[in-house]
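Chemist: Let's see this in three dimensions:
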Amino acid sequence: MITAASFPTPDLALRSCDPAELRRVHDFALEQAAAANAARSLLVGRLTPSLLRSVHSDLITWRHQLALKAPGRIGQGLPLDASRFVMSLVDGGPNYDRLGYIGRLRHGAAWDSASRTYRGGVETPAFRLMLRYGQAVHDRFSLEGNPGDVLVNHVTLPNGLVIPGNRLVRHAAAADISTALLARLSARGHDVSQVETGGSPCYAISADDSSRATMFSAALDLLASAPSLSSWQAARYLLYQSPRTKKGSDAASRVFLVAVGSVLLGQPPVLDQDVDLRCAVLGQRAATVLPSDPRE
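Modeler: Predicted coordinates:
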């Protein structure tokens, strides 16, 4: 039986000090466990790439249905738009995830127009997590001896082919992205007067459409053909490098990985709370075997 224990609440979701909001966030693990048990029942005894693809698609629908029922976004930010949970990156363009200082993740922060950031308030686990991963981006550049603004995460597929994965961006290139994102949001009709563009952010940008399709298919083929812990770990990284939708890919991937893992490994795995950020920022070598993984 898969339980909520397989789904530790991500620190990124802990962006409030309100007990009711925090209870709602923690209870999401119960929804994930129920969905994982349902998915597992479809997968027992017959893992094929086509079935895995179908189950993953069903989980995208599941996440969309939850978004339709959600009372709204927790904390500050743009209003929740459930349509983004079924919009593909092919249609909606790549995901740009801001890392580093994100003042709106502080509980009770106020807008500061001079710095174009939110200031004050109380630190939350989400705020601290994103600061840490912003520093991790700079650490990656240093580790790889890259003095520039853009670092490509190269991904080795199970067949040995190396393709470009997501990109990490900082400094002037990141500032250009902030400006471009502001224009995109404005074009979609959003009020951008209090959208953070200051604070010297970094960004993780999803891989291009071709690479994402290749990595997603490779992950499913690996899970179907080589049932082992190492295959599940390798497929996990590929799945996180190949998000399917503008929003909700993390939750769908978590449920999918636990459901498949419980079949392949004989026990429900536990996912690290920051598995998505590890796979986006740390690189394939560092983000394949993770602390919460079972031992062979």
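
Chemist: Can you show me the strands along this structure?
Modeler: For the chain, the strands defined by DSSP state E occupy 96-99, 110-112, 117-119, 150-156, 162-169, 202-205.

Chemist: Please identify the most buried of those strands.
Modeler: Highest mean neighbour count of the strands of the chain: strand 202-205, a mean of 23 (counted as mean count of other CB atoms under 10 Å). For every residue, glycine as well, the C-beta is placed using N, CA and C.

Chemist: Export the strands of the chain as TSV, with columns for distance to Leu265 and mean pLDDT.
Modeler: TSV is the format used below for these (distance: least, CB to CB, whole Å; pLDDT from 0 to 100):
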stretch	distance to Leu265	mean pLDDT
strand 96-99	29	98
strand 110-112	47	96
strand 117-119	42	97
strand 150-156	23	99
strand 162-169	25	99
strand 202-205	28	98
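
Chemist: Out of the ones you listed, flag the one nearest Thr245.
Modeler: strand 96-99 (13.5 Å; CB to CB).

Chemist: what helices or strands is that closest one leaning on?
Modeler: helix 125-143, strand 202-205, helix 275-281 (3 or more CB pairs under 8 Å, 6 or more residues apart in numbering; DSSP states H and E).

Chemist: Next, format the ones you listed as JSON lines and append distance to Arg295.
Modeler: Below are the helices and strands packed on strand 96-99 laid out as JSON lines (distance: least, CB to CB, whole Å):
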{"stretch": "helix 125-143", "distance to Arg295": "25"}
{"stretch": "strand 202-205", "distance to Arg295": "29"}
{"stretch": "helix 275-281", "distance to Arg295": "17"}
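
Chemist: which residue lies farthest from the center of the chain?
Modeler: Relative to the centre of the chain, the most outlying C-alpha is that of Ala114, 30.5 Å out, by CA atoms, centre = their mean.

Chemist: rewinding a little: of all the helices and strands packed on strand 96-99, which lies closest to Pro164?
Modeler: It's strand 202-205; of the helices and strands packed on strand 96-99, that one is closest to Pro164 (CB to CB) at 11.0 Å.

Chemist: From the chain's centroid, how far away is the closest one?
Modeler: 12 Å (CA atoms, centre = their mean, to the nearest Å).

Chemist: start at 469 instead
Modeler: With the count now opening at 469, the last piece we talked about shows up as strand 670-673.

Chemist: which neighbours does it have in its sheet, and in what orientation?
Modeler: Strand 670-673 has the following strand partners under DSSP bridges: strand 564-567 (antiparallel), strand 630-637 (antiparallel).

Chemist: what's the shortest one in contact with?
Modeler: The set of residues external to strand 564-567 that reach it, using CB atoms under 8 Å, 6 or more residues apart in numbering, is 598, 601-602, 604-605, 645, 649, 664, 669-673, 745, 748-749.

Chemist: do stretch 756-764 as well
Modeler: Contacts of stretch 756-764 (CB under 8 Å, 6+ apart): 476, 696-698, 701-702, 704-705, 733, 735, 737-740, 743, 746.

Chemist: so where's the chain uncertain?
Modeler: 542-543 (pLDDT under 70).

Chemist: can you rerun that using 90?
Modeler: 513-514, 538-548, 651-653, 655-658, 694-695, 763-764 (pLDDT under 90).

Chemist: where do the helices sit along the stretch 469-618 of the chain?
Modeler: Assigned by DSSP state H, counting those that start in this stretch, the stretch 469-618 of the chain shows helices spanning 487-511, 517-537, 557-560, 593-611.

Chemist: coming back round to it: farthest-apart pair in the contacts of strand 564-567, please.
Modeler: Between any two of the contacts of strand 564-567 (CB to CB), the greatest distance is 21.2 Å, for Ala604 and Leu649.

Chemist: Looking at these two, which is more packed in?
Modeler: Taking other CB atoms under 10 Å, Ala604 and Leu649 do not tie; Ala604 has more neighbours (20 against 16).

Chemist: Just send the strands paired with strand 670-673 back as JSON lines, with distance to Glu489 too.
Modeler: JSON lines is the format used below for the strands paired with strand 670-673 (distance: least, CB to CB, whole Å):
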{"stretch": "strand 564-567", "distance to Glu489": "21"}
{"stretch": "strand 630-637", "distance to Glu489": "30"}
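
Chemist: Of all the ones you listed, which one is nearest Phe496?
Modeler: Nearest of the strands paired with strand 670-673 (CB to CB): strand 564-567, 19.4 Å.

Chemist: how about the closest one as PDB, C-alpha atoms only?
Modeler: Output in PDB follows, covering the C-alpha atoms of strand 564-567 (Å, rounded to 0.1, in the frame of the first residue of the first chain):
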ATOM      1  CA  TYR A 564      11.200  29.500 -16.800                       C
ATOM      2  CA  ASP A 565      11.600  28.800 -13.100                       C
ATOM      3  CA  ARG A 566      13.100  31.600 -11.100                       C
ATOM      4  CA  LEU A 567      15.800  30.600  -8.500                       C
END
